[in-house]
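Colleague: Structure of the sequence below:
(one chain, ligands or ions: 1)
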Amino acid sequence: MTDPAFSEQEIKESVRKRYAGAIGKSPGSCCGPAPSQPMQIGGSCCRAAPSDPMKGKFAAVAGYGDEELKRLPADAVQNSFGCGNPLAFAGVRAGQTVLDIGSGAGIDCLIAAERVGPTGKVIGLDMTPEMIERARRNAREAGATNVEFRPGEAEKMPVEDGTVDWLISNCVINLSPDKPAVFQEVARVLKPGGRISISDIVAEDLPEAIRQSRDAWTGCLAGAISEADYVKGLKEAGLRDLRVTSRIVCHIQDRVRSQPAQGAVWQLLLRDLRGSWA
Ligand SMILES: C[S@@+](CC[C@H](N)C(=O)[O-])C[C@H]1O[C@@H](n2cnc3c(N)ncnc32)[C@H](O)[C@@H]1O
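Modeller: Residues are numbered from 1 along each chain as shown. Here you go, the predicted structure:
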């Protein structure tokens with residue numbers, strides 16, 4: 001991948017701005033699959049079209065239980081922007097410490113808070129102040145006293161070494177311009193024997209026009225690396241026994257064909273693909 005035309009700082013600012021703007025405005029999925037069309041790899045992530053049949057329904061499709069969702073503040077569910085359900089694959093137990101990287105409006109933290117119970121602790125970390133504020137409000141509404149939300153960046157987490165039993169993250173690391181730093185931090189904060197469960201977007205062979213698009217970065221696409229590089233990065237940071245537990249595969253050209261007019265990212269894809277795949 002060639003370097004994008006913008007700096008790491010610019011990427012972060014754009015991501016922050018996008019999520020600050022998204023909160024409260026566009027309930028539904030960030031990168032969520034539609035029932036008839038599996039994973040939208042990035043795409044117009046974080047902006048459900050007004051007519052999007054997935055609006056407000058992503059959390060259920062991602063495998064969150066109905067009962068579980070009913071117990072949460074509606075705002076936390078409606079403002080979920082994930083691309084999976086990391087807790088579905090995590091054996092979180094009472095008394096443990098869970099860290100959620102890029103916790104957004106708090107959906108996964110609030111579910112984790114129930115699982116760890118009063119003797120456990122959940123930390124949500126997010127670099128967008130508006131998300132932290134919203135997550136704190138949702139935690140208050142849920143009456144969750146064992147969860148705290150810390151402002152901070154995944155590349156330099158404000159978390160003590162060796163203190164986390166389960167690190168979870170839902171559709172965040174693809175947005176980081178410095179993934180090796182995030183992977184190092186993941187390894188640093190885990191307790192010996194600590195585990196991770198991460199949902200994220202990976203992508204193979206993205207067209208260069210997408211890699212260079214700021215919209216595609218903030219839309220969870222341009223920053224996506226391949227599954228092999230993702231696993232390699234985690235291994236290089238010192239994590240062991242890694243397993244991909246579930247995949248939703250989407251062929252971009254199918255999505256482009258079925259939704260040709262969804263914003264700047266699809267326009268770019270169309271421009272790049274026309275003549276080769278279209
Ligand atoms: C796609 S949203 C997912 C939010 C949440 N995990 C969920 O499932 O609803 C990405 C979130 O990660 C945060 N984020 C992105 N890059 C980050 C970074 N480098 N460090 C900390 N937070 C980050 C954004 O502010 C945003 O809240």
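
Colleague: so where does Ser169 fall, helix or strand?
Modeller: strand 164-170 (DSSP states H and E).

Colleague: Am I right that Gln9 falls within a helix?
Modeller: Yes: when classified by DSSP: H, G, I helix; E, B strand; the rest coil, Gln9 is found to be part of a helix.

Colleague: what about it, how many residues close to it?
Modeller: 9 (other Cβ atoms under 10 Å). Bear in mind the C-beta positions are built from the backbone N, C-alpha and C, glycine included.

Colleague: Over to the one 10 residues further on?
Modeller: Taking other Cβ under 10 Å as the criterion, the count of residues near Tyr19 is 24.

Colleague: so it touches Ile132, yeah?
Modeller: No: the criterion here is Cβ atoms under 8 Å, and Tyr19 misses it with Ile132 at 10.7 Å.

Colleague: Angles on the backbone of the residue lying closest to Ser199 once chain neighbours are set aside, please.
Modeller: Spatial nearest neighbour of Ser199, excluding adjacent residues (Cβ to Cβ, 6 or more residues apart in numbering): Gly84 at 2.8 Å. Dihedral pair for Gly84: phi 180, psi -160, per degrees, to the nearest 10.

Colleague: Buried ones in stretch 124-137, by neighbour count?
Modeller: For stretch 124-137, a neighbour-count test (16 or more other Cβ atoms under 10 Å) marks 124-128, 130-137 as buried.

Colleague: Of all residues in the protein, which one is nearest the centre?
Modeller: Cys171 (1.5 Å; Cα atoms, centre = their mean).

Colleague: these two touch, right, that residue and Ser199?
Modeller: Yes: contact criterion Cβ under 8 Å: Cys171 and Ser199 qualify, at 6.1 Å.

Colleague: Which neighbours do the two have in common?
Modeller: Gly82, Cys83, Gly84 (Cβ atoms under 8 Å, 6 or more residues apart in numbering).

Colleague: surely the first one meets Ile198?
Modeller: Meaning Gly82. No: if you go by Cβ under 8 Å, Gly82 and Ile198 don't touch, sitting 10.7 Å apart.

Colleague: if you count what's nearby, which of the two comes out ahead?
Modeller: Neighbour count, other Cβ under 10 Å: between Gly82 and Ile198, Gly82 has more, with 24 against 20.

Colleague: any idea of the pLDDT on the more buried one?
Modeller: Note on Gly82: pLDDT of 90.

Colleague: Let's verify it: helix, strand, or coil?
Modeller: What three-state DSSP gives for Gly82 is coil.

Colleague: So, low pLDDT: which residues of the protein?
Modeller: Flagging of the chain using pLDDT under 70 yields the residue ranges 1-4, 24-61, 253-278.

Colleague: How far away from the center of its chain is stretch 159-166?
Modeller: 20 Å (Cα atoms, centre = their mean, to the nearest Å).

Colleague: my bad, stretch 83-99
Modeller: Distance of stretch 83-99 from the chain centroid (Cα atoms, centre = their mean) equals 14 Å.

Colleague: start to end distance for it?
Modeller: Start and end residues of stretch 83-99 are separated by 18 Å (Cα to Cα, to the nearest Å).

Colleague: which helices and strands does whichever strand or helix holds Trp217 pack with?
Modeller: Assigned by DSSP H and E, Trp217 falls within helix 214-218. Here helix 214-218 touches helix 8-22, helix 263-273, going by 3 or more Cβ pairs under 8 Å, 6 or more residues apart in numbering; DSSP states H and E.

Colleague: With just CA atoms, put it into CSV.
Modeller: In CSV, the C-alpha atoms belonging to helix 214-218 read as follows (Å, rounded to 0.1, in the frame of the first residue of the first chain):
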residue,chain,number,x,y,z
ARG,A,214,-10.4,10.1,3.3
ASP,A,215,-14.0,9.2,3.1
ALA,A,216,-13.0,5.6,2.7
TRP,A,217,-10.7,5.8,5.7
THR,A,218,-13.4,7.2,8.0
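
Colleague: Return the set of buried residues in the helix or strand that it is followed by.
Modeller: For helix 214-218, the following helix or strand on the C-terminal side (DSSP H and E) is helix 227-236. Buried residues in helix 227-236, counted by 16+ other Cβ under 10 Å: Tyr230, Val231, Gly233, Leu234.

Colleague: Determine the number of other residues adjacent to the residue nearest to Asp108 when sequence neighbours are not counted.
Modeller: In space, and not counting its chain neighbours, Asp108 is closest to Asp100: 5.2 Å by Cβ to Cβ, 6+ apart. The tally of other residues near Asp100 (other Cβ under 10 Å) stands at 29.
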